[in-house]
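S.K.: curious how this folds, go ahead:
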Amino acid sequence: MNIDNDFQVVEDELLAKALQESMNIPSPPRNVPENIVDPYPFFFNSVLRICVGSNAEIGNGRYLSRMGKFWHPE
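M.R.: Okay, the predicted model is just below:
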């Protein structure tokens, strides 16, 4: 190995180290209070839907809603 190659290797290693260090950025702090629970409105729906065709309750799943009325495919 000659001096030019040794210098290039050292320079490449320094560049690689600088790139790695520049990518180690800490994530910003989160401002989430510890006592707050995230609500899950998609899982716990409190709205009661009644099918106008069968007069049965529509639970989770597919349904059609038009003009304030609900239908289920079953």
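
S.K.: what about Phe70, how many neighbours?
M.R.: Neighbour count for Phe70, taken as other Cβ atoms under 10 Å: 17. (C-beta placed from N, C-alpha, C; glycine too.)

S.K.: which element is it on?
M.R.: strand 69-71 (DSSP states H and E).

S.K.: that strand - what's its average pLDDT?
M.R.: Per-residue confidence for strand 69-71 averages out to 85 on the pLDDT scale.

S.K.: can you give me the helices for the chain?
M.R.: Residue ranges of the helices in the chain, as given by DSSP state H, are 3-23.

S.K.: where in it is the helix or strand with the lowest mean pLDDT?
M.R.: When the helices and strands of the chain are scored by mean pLDDT, DSSP states H and E, helix 3-23 comes last with a mean of 82.

S.K.: mind listing residues that contact it?
M.R.: Taking Cβ atoms under 8 Å, 6 or more residues apart in numbering as the criterion, no residue outside helix 3-23 touches it.

S.K.: all set, thanks.
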